[in-house]
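> pasted the sequence and its predicted model underneath.
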Amino acid sequence: MAADSAPGTTTPIFDTVASLLRDESAFALATVVEGPAAGAKLLVRPEGTQGTEGTQGTEGTEGTEGTEGTQGTEGTEGTEGTEGTQGTLGTLGNAGLDRVVERDALGELAAGRSGVRHYGEHGEAREDDVRVFIESFAQPPRMLIFGAVDFTGALVRIAKVLGYRVTVCDAREVFATRQRFPLADDVVVDWPNRLLDQVGAELGQRDAVCVLTHDNKFDVPAIVSALATEVGYIGVMGSRRTHENRLVRLSEAGVDDAGLARLRSPLGLDIGARTPEETAISIVAEIIALRTGRSVRALSSSSGPIHG
Amino acid sequence: MREILDDIERWRRLGRSVALARVIDLEGSGPRMPGATMAVADNGEVAGSVSGGCVEGAVVAEALEVLDGGGRRLVSFGYSDDEAFAVGLTCGGTVHLFIEPLDW
């Protein structure tokens, strides 16, 4: 054992894990934690993610202890043809177990869950010879921030702390600059609705759109486009008067009551935030509370003054 | 895991052996979810965490044993765990960890 962890040991699976993490690619890593091949690993990537640069260099190398002969190749025997998978790396000890865990790992990854599952030695259901920890490494959630205003910089910083991939978008090129938002992953000079036309289909429940522009010219088309996506959170900044005015304009633009009900406007929790940083925290706290279903007082459901 | 990659890679460049301790299951209340990872270098340096600081000291000791040839292992810490009654989560939950050498 000691020799296995000695300096200079090759670590093909870990190297791939590190590379995929740095690329923010989705994958799952299964590890036998109890059973004859404890420590054996299978890395599973979903369909459509293969071919990311920098992740291909470690395949076909030697594998983990106790699993000699079968591992280290993409799509090892027994995992070929499994639906929805582009490739695996490593093995849990036999093709039967690999096949079943690969399927389960894809399911766990899609649901963003990590946990222990048990199997028979060759992957049989309802047996408990082998325990496998399946960890999902989902892609980071995305936050699109429309409007390169004062509050945007603070929201970028807080969102990065929480692990979001952050895009700042504003049609005004003097405001939407890398210098102003050094922590943003992308700064895009364009109309928000045009950006949403490009990336909207990728947005899901874990993602967020924050509209901070305060300007109906930009807000209304951005909100209409955001409502056409599956994004989990749509927050819109503005005073209560701006909000009332915006509701009228959104209705005129054809947004129905169900659409209006999806909006968090004014966005954020009612914590009396004053500074851009406090406001940013009230926004991300609202996103967390929405995900967890906790009861907290949101600005969109209260009527008092916004600032403390 | 992502947040500790730099430390792990730095240690490995320096020729250190590394053990990884990962939360694989949690019963009741606990501060870190499955997947939380702590890396321990053979000189005792640590990156990441597996609890709110309640069990890290004991995990380092286990990880150093793993690196010393003691073998990969499952370890549990709970408030009323007989095997580890001196160390536990103050929040009352039980955390199950898998500790292994980084040799894969």
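Happy to help now that I have it. Numbering: from 1, shown residues only, chains lettered A, B, ... in the order given.
> quick check: residue B:101 touching residue B:21?
No. Counting by Cβ atoms under 8 Å, residue B:101 stays clear of residue B:21, with 11.0 Å between them. Yep, even glycine has a C-beta here, placed from its N, CA and C like the rest.
> which residues of chain B lie near chain A?
B:1-2, B:5, B:8-9, B:12, B:15-19, B:22, B:24-25, B:33-35, B:66-72, B:74, B:96, B:98, B:100-104 (Cβ under 8 Å from any Cβ of the partner chain).
> can you tell me which of these are in strands?
B:18-19, B:22, B:24-25, B:74, B:96, B:98, B:100-101 (DSSP state E).
> send the alpha carbons of the worst-scoring helix or strand of chain A on mean pLDDT over as PDB?
For chain A, the helix or strand with the lowest mean confidence is strand A:85-91, at a mean of 82 (criterion: mean pLDDT, DSSP states H and E). Extracted as PDB, the C-alpha positions of strand A:85-91 are listed here (Å, rounded to 0.1, in the frame of the first residue of the first chain):
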ATOM      1  CA  THR A  85     -22.400   7.500 -22.300                       C
ATOM      2  CA  GLN A  86     -19.500   8.800 -24.200                       C
ATOM      3  CA  GLY A  87     -16.800   7.100 -22.300                       C
ATOM      4  CA  THR A  88     -15.500   5.600 -19.000                       C
ATOM      5  CA  LEU A  89     -12.100   5.400 -17.500                       C
ATOM      6  CA  GLY A  90     -11.100   2.700 -15.000                       C
ATOM      7  CA  THR A  91     -13.100  -0.200 -13.700                       C
END
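> partners of that strand in the sheet?
Here strand A:85-91 has these sheet partners by DSSP bridges: strand A:41-46 (antiparallel).
> chain center to the partner strand, what's the gap?
Distance of strand A:41-46 from the chain centroid (Cα atoms, centre = their mean, to the nearest Å) equals 18 Å.
> what's in contact with it?
A:13, A:16-17, A:20, A:25-32, A:64, A:84-92, A:98, A:101-102, A:105-106, A:109-110, B:104 (Cβ atoms under 8 Å, 6 or more residues apart in numbering or on different chains).
> next: stretch B:18-26.
Residues contacting stretch B:18-26 (Cβ under 8 Å, 6+ apart): A:5, A:33, A:115-116, A:133, A:135, B:8, B:11-12, B:30, B:32-42, B:50, B:59, B:62-64, B:66-67, B:74-75, B:93-102.
> so what's the residue nearest to the spatial centre of chain B bridging to?
Closest residue to the average C-alpha location of chain B: residue B:21 at 3.2 Å, with Cα atoms, centre = their mean. With beta bridges defined as DSSP bridges, residue B:21 has these partners: residue B:38, residue B:99.
> what about it, distance to chain A?
12 Å (Cβ to the nearest Cβ, to the nearest Å).
> so what's residue 44 scoring on pLDDT?
Picking chain A for this. pLDDT, residue A:44: 97.
> oops, chain B please
So residue B:44 comes in at 95 (pLDDT).
> does it really touch residue B:57, like I thought?
No. Residue B:44 lies out of contact with residue B:57 (Cβ under 8 Å); the separation is 10.8 Å.
> check the ones in strands among the residues of chain B next to chain A and tell me the two furthest apart.
Farthest pair in those (Cβ to Cβ) is B:18 and B:25. Separation: 22.7 Å.
> among the two, which residue is more densely surrounded?
residue B:18 (25 against 19; other Cβ atoms under 10 Å in any protein chain shown).
> how about the helices of the stretch 151-300 of chain A, start to end?
Assigned by DSSP state H, counting those that start in this stretch, the stretch 151-300 of chain A shows helices spanning A:192-199, A:216-227, A:240-252, A:257-262, A:276-292.
> of those, which is nearest residue A:182?
Nearest to residue A:182, of all the helices of the stretch 151-300 of chain A, is helix A:276-292, at 15.6 Å by Cβ to Cβ.
> buried stuff in the closest one?
For helix A:276-292, a neighbour-count test (16 or more other Cβ atoms under 10 Å in any protein chain shown) marks A:276, A:278-287, A:290 as buried.
> neighbouring contacts of it?
A:150-151, A:153-155, A:157-159, A:162, A:206, A:208, A:210, A:232-233, A:235, A:264, A:267-271, A:273, A:296, A:298-299.
> hmm, 7 Å instead?
By Cβ atoms under 7 Å, 6 or more residues apart in numbering or on different chains, the surrounding residues in contact with helix A:276-292 are A:150-151, A:153-155, A:158-159, A:162, A:208, A:210, A:233, A:235, A:264, A:267-269, A:271, A:273, A:296, A:298.
> now a PyMOL select for only the buried ones of those residues.
Of the contacts of helix A:276-292, the buried ones go into a single PyMOL selection, burial set by 16+ other Cβ under 10 Å:
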select buried, chain A and resi 151+153+154+155+158+159+208+210+233+235+264+267+268+269+271+273+298
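> drop anything exposed from the residues of chain B next to chain A.
Buried among the residues of chain B next to chain A by 16+ other Cβ under 10 Å: B:1-2, B:5, B:8, B:12, B:16-19, B:22, B:24-25, B:34-35, B:66-67, B:70, B:72, B:74, B:96, B:98, B:100-104.
> on that earlier part again, which one of the ones in strands among the residues of chain B next to chain A is nearest chain A?
Chain A lies nearest to residue B:101 out of these, by Cβ to the nearest Cβ, at 3.3 Å.
> that closest one and residue B:66 touch, don't they?
Yes. With contact defined as Cβ atoms under 7 Å, residue B:101 reaches residue B:66; the gap is 5.8 Å.
> common neighbours of these two, please.
B:19, B:72.
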